[in-house]
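> structure here, sequence nowhere to be found:
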């Protein structure tokens with residue numbers, strides 16, 4: 001999967017930078033600030049939460065309005081409009097979509113055809129509502145019973161079973177014409193800390209990662225998944241740094257994900273306003289460092305000030321030479 005560099009290379013720097021940011025907002029209609037981010041700053045994507053979605057009619061009107069903003073601003077491509085419709089515990093659509101089984105229930109069947117069918121149905125409904133990207137399937141292996149954030153969101157605790165279900169779900173989303181996103185790379189299942197609150201760690205080295213955490217990601221990549229979301233967790237056994245989140249680690253993104261696993265699609269960060277990033281390096285520096293490490297799309301879900309500061313920080317880093325223009329151009333081309 002090679003990015004079209006011609007299109008991105010022709011963009012002004014500011015619009016190229018904009019394509020590397022995905023933002024969230026409050027309300028059931030596009031806010032004035034969001035319209036400015038789309039039309040003036042050329043942001044590449046919008047994430048929708050339950051706070052944005054009331055019912056099917058309102059959701060479709062919202063996504064149509066967002067894409068109309070992008071067309072007015074002559075965006076090089078339609079917006080990525082994403083949500084977390086994992087089914088089960090995490091589902092953003094409320095009454096706008098069918099209630100379908102969650103991952104742990106599906107994993108218990110060990111029937112990949114059911115994971116495919118649920119992903120296909122989910123994808124078709126999202127597409128009908130104008131949502132072209134789902135932040136699913138969850139590829140974490142839930143092998144730590146003290147994990148506070150994954151649990152039933154995972155397909156199970158056996159890497160091979162999770163891999164089978166992840167690959168099937170990936171194919172289901174593809175058949176529906178919706179962008180699937182494996183998360184949370186390189187695996188959030190064996191942690192005891194929620195990265196929304198602090199920086200967790202997976203202390204193992206590459207040998208252990210390859211037989212547990214990475215197995216479902218390899219399967220999803222083999223099934224052609226177009227997007228992978230990073231996890232804000234430390235990998236001291238891989239990076240040698242217990243304070244460095246994988247989101248900011250070239251060893252995790254460039255070397256492991258792109259190099260060893262051969263992933264050529266879009267790498268999107270988990271939200272940079274989570275405390276594992278915001279409470280450490282900070283949101284704007286985190287956006288710059290994530291792109292430098294190999295990410296393509298920095299997710300900033302909540303705060304307009306943080307979104308604008310990140311845009312300015314990336315632009316300044318390119319102009320000042322701290323971040324190569326080619327890095328941003330390549331990221332924008334993938335997006």
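Perfect, thanks for sending it. Note that this is a predicted model, so its numbers are computed, not measured. Numbers count the residues shown, from 1 in each chain.
> can you give me the helices in the stretch 201-335 of the chain?
Assigned by DSSP state H, counting those that start in this stretch, the stretch 201-335 of the chain shows helices spanning 206-211, 214-222, 236-239, 250, 275-278, 283-293, 304-319, 325-334.
> export the ones you listed to JSON lines and tack on mean neighbour count?
Bear in mind the C-beta positions are built from the backbone N, C-alpha and C, glycine included. Converted to JSON lines, the helices of the stretch 201-335 of the chain look like this (neighbours: other C-beta atoms under 10 Å):
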{"stretch": "helix 206-211", "mean neighbour count": "14"}
{"stretch": "helix 214-222", "mean neighbour count": "24"}
{"stretch": "helix 236-239", "mean neighbour count": "18"}
{"stretch": "helix 250", "mean neighbour count": "16"}
{"stretch": "helix 275-278", "mean neighbour count": "22"}
{"stretch": "helix 283-293", "mean neighbour count": "25"}
{"stretch": "helix 304-319", "mean neighbour count": "20"}
{"stretch": "helix 325-334", "mean neighbour count": "21"}
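> so which of those comes closest to residue 163?
helix 214-222 (3.7 Å; C-beta to C-beta).
> what number of residues lie near residue 28?
Neighbourhood size, residue 28 [other C-beta atoms under 10 Å]: 13.
> surely residue 95 and residue 55 touch.
Yes: the criterion here is C-beta atoms under 8 Å, and residue 95 meets it with residue 55 at 5.4 Å.
> tell me where the model's unsure across this protein.
1-8 (pLDDT under 70).
> which residues touch residue 178?
122-123, 126-127, 131-134 (C-beta atoms under 8 Å, 6 or more residues apart in numbering).
> for residue 175, which non-adjacent residue is spatially closest?
Excluding its sequence neighbours, the residue lying closest to residue 175 (C-beta to C-beta, 6 or more residues apart in numbering) is residue 120, at 5.4 Å.
> for the helix or strand where the one you found lies, name the packing helices and strands.
Residue 120 is located in helix 112-128, with elements delineated by DSSP states H and E. Applying 3 or more C-beta pairs under 8 Å, 6 or more residues apart in numbering; DSSP states H and E, we find helix 112-128 packed against helix 103-109, strand 133-134, helix 159-176.
> hang on, the earlier thing: of the helices of the stretch 201-335 of the chain, which is nearest residue 265?
helix 325-334 (6.8 Å).
> the closest one packs against which elements?
helix 5-9, helix 13-18, helix 283-293, helix 304-319.
> that helix: how far from the chain's middle?
Taking C-alpha atoms, centre = their mean, to the nearest Å, the mean C-alpha location of helix 325-334 is offset from the chain mean by 17 Å.
> so residue 35 sits in a helix?
Yes: assessed by DSSP: H, G, I helix; E, B strand; the rest coil, residue 35 belongs to a helix.
> how near is it to residue 46?
Taking C-beta to C-beta, to the nearest Å as the measure, residue 35 falls 11 Å from residue 46.
> what's the answer for residue 157, then?
Distance of residue 157 to residue 46, computed by C-beta to C-beta: 34 Å.
> and what of residue 83?
Following C-beta to C-beta, the distance that separates residue 83 from residue 46 is 10 Å.
> now residue 38
From residue 38 across to residue 46, the span is 8 Å (C-beta to C-beta).
> swap in residue 279?
25 Å.
> tell me which of these two has more neighbours.
More crowded of residue 279 and residue 46, by other C-beta under 10 Å: residue 46, with 27 against 12.
> mind listing the strands the one helix or strand the more buried one maps to pairs with, and their directions?
Counting by DSSP H and E, the element that carries residue 46 is strand 45-48. Here strand 45-48 is paired, per DSSP bridges, with strand 21-23 (parallel), strand 80-83 (parallel).
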